[in-house]
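J.: pasting the structure only:
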Ligand code: HSE
């Protein structure tokens, strides 16, 4: 049978990986897919560079739309990124009857509802394994492997840049700004790292995961997003002393009141496997009622790891493109008429436990006042750590850090208690609040 023909829009690092892995493993991939898969057309503004990558194996064009217009192309791979042009091209490709594979989490987290509806109406597939956790097949695992389960929660390290920065901060005892500069110098962080360090990239990914896990529409605008820019080396050190590591987690949970959808720095018990995921690696935990807790680990970015996910989608589409649309795996795991309107909870309604660090005057009665306010709010304390004043470098012995771990409470209650504690004259700096998850 004639190989299926693929056009790659935006032949960069990932596109080159797709091209190279397809060439290198073509016999195995053909054996699995049932027919060959060939990249026959690629687009890139710098056509000379693209030509160097593909040689005479594929036609190179500067204009991505030329790929969509080519009637011989069966599947379009969108690797351009961003919201605007990528959205236009994906919708045009769907309208032209092409299947689409994309690594663009931002596009799908924000415009997924429109894109999936257009694809369903046209009877084509939009596949996006590469959009979440790079080479880890987490979409496949959730949508197919765990399909028997009522998923209860998912928590993942789904941004390699921030995990690299946090690992370096812990290993070297350095503050965020210093490590970020080093990460940029080494190429681990981008020149504009905003989406990574502010948690936006992780929020795009957990939004997609949440939709698949719970059968709700993609709703990036409902996600709570907090990055790692305010974390200090001191908090990482204190967390360690209490038996925890700090990770930027994407978390989504099913509760009786609705779905939690949030990204924030999180204390995780050091004994959990996920707490020991270091450097730029990714890991996702998923808990289902039947299977219990599962863990997926691997490279979340990079040329060939991401290509591995893109090609898995190309193989799926190759196997299924002649099948009746109703026999395909639904975009969001649930059939469109089974998508639910379960609400995504506001952060103030989320229930979790907390790490608090207060820089206080080292005077009699200060700790009693702070714990008294927590008691009045009905917030139960799990552990308290008070540093000796002389352990605080550069400070006079009149100040100390008090670290408090709490049991679970609703965030609104914690916000109110924090405001009261902050107003105490003996609390000398803004209180640090980091959420904690046991992931048991
Ligand atoms: N910038 C992302 C990360 C990779 O650092 O994990 C692509 O989503």
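T.: That came in fine, so what should we check first? Values in this document were obtained by computation on a predicted structure and should not be read as measured data. Residues are numbered from 1 along each chain as shown.
J.: Report the contact partners of the most far-flung residue of the chain relative to its centre.
T.: Centroid-distance maximum for the chain: residue 364 at 44.7 Å, with Cα atoms, centre = their mean. With contact set as Cβ atoms under 8 Å, 6 or more residues apart in numbering, residue 364 has no partners. Every residue, glycine included, has its C-beta placed from N, CA and C.
J.: mind listing the helices for the stretch 51-200 of the chain?
T.: Applying DSSP state H, counting those that start in this stretch to the stretch 51-200 of the chain gives helices spanning 65-69, 84-95, 105-122, 138-140, 160-172, 176-186, 194-197, 200-214.
J.: what's the closest of those helices to residue 406?
T.: helix 160-172 (22.1 Å; Cβ to Cβ).
J.: Quick check: buried residues in the closest one?
T.: 160-170 (16 or more other Cβ atoms under 10 Å).
J.: Serialize those residues to JSON lines and add fields for distance to residue 84 and pLDDT.
T.: Compiled in JSON lines, the buried residues of helix 160-172 are given as follows (distance: Cβ to Cβ, whole Å; pLDDT from 0 to 100):
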{"residue": "160", "distance to residue 84": "25", "pLDDT": "96"}
{"residue": "161", "distance to residue 84": "23", "pLDDT": "96"}
{"residue": "162", "distance to residue 84": "26", "pLDDT": "97"}
{"residue": "163", "distance to residue 84": "29", "pLDDT": "97"}
{"residue": "164", "distance to residue 84": "29", "pLDDT": "96"}
{"residue": "165", "distance to residue 84": "29", "pLDDT": "97"}
{"residue": "166", "distance to residue 84": "32", "pLDDT": "97"}
{"residue": "167", "distance to residue 84": "34", "pLDDT": "97"}
{"residue": "168", "distance to residue 84": "34", "pLDDT": "96"}
{"residue": "169", "distance to residue 84": "35", "pLDDT": "97"}
{"residue": "170", "distance to residue 84": "38", "pLDDT": "97"}
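J.: check those residues against the ligand, which are close?
T.: 160-161 (Cβ under 6 Å from any ligand atom).
J.: how about the residues of the stretch 101-250 of the chain near the ligand?
T.: 159-161, 196, 201.
J.: Can you give me the buried ones in stretch 124-137?
T.: 124-137.
J.: I meant stretch 243-251, not that one.
T.: Buried residues in stretch 243-251, counted by 16+ other Cβ under 10 Å: 244-251.
J.: Mind picking the one among those that's closest to residue 26?
T.: Using Cβ to Cβ, the buried residues of stretch 243-251 come closest to residue 26 at residue 250, 34.9 Å.
J.: element containing that closest one?
T.: If you go by DSSP states H and E, residue 250 is part of strand 244-254.
J.: Skip ahead from that strand and say which helix or strand is next.
T.: Counting by DSSP H and E, what follows strand 244-254 is strand 259-269.
J.: That next one packs against which elements?
T.: If you count contacts as 3 or more Cβ pairs under 8 Å, 6 or more residues apart in numbering; DSSP states H and E, strand 259-269 packs onto helix 200-214, strand 224-225, strand 244-254, strand 432-436.
J.: any idea how far that strand is from the chain center?
T.: 11 Å (Cα atoms, centre = their mean, to the nearest Å).
J.: What is the neighbour count of residue 437?
T.: Using other Cβ atoms under 10 Å, residue 437 is surrounded by 22 other residues.
J.: what's near enough to touch the closest residue to residue 229 other than its chain neighbours?
T.: The spatial neighbour of residue 229 that comes closest, neighbours along the chain excluded (Cβ to Cβ, 6 or more residues apart in numbering), is residue 197 at 5.5 Å. Each residue near residue 197 by Cβ under 8 Å, 6+ apart is listed here: 161-162, 165, 180, 189, 227-229.
J.: same deal with residue 156?
T.: 133, 138, 205-206, 209, 249-250, 274, 282-285.
J.: what does residue 259 give?
T.: Residue 259 neighbours (Cβ under 8 Å, 6+ apart): 210, 214, 216, 252-253, 342-345.
J.: Can you give me the distance of it to the ligand?
T.: Distance of residue 259 to the ligand, given as Cβ to the nearest ligand atom, to the nearest Å: 23 Å.
J.: try residue 363
T.: Residue 363 is 44 Å from the ligand, by Cβ to the nearest ligand atom.
J.: quick one: pLDDT of the closest residue to the ligand within the stretch 251-400 of the chain?
T.: Per Cβ to the nearest ligand atom, residue 301 is where the stretch 251-400 of the chain lies closest to the ligand, at 3.7 Å. Residue 301 is assigned 95 on the pLDDT scale.
J.: just checking, it touches residue 158?
T.: No: when contacts are counted by Cβ atoms under 8 Å, residue 301 is not listed as touching residue 158 (10.3 Å).
J.: Who has more neighbours out of these two?
T.: Neighbour totals were compared for residue 301 and residue 158, and residue 158 leads with 30 against 21 (other Cβ under 10 Å).
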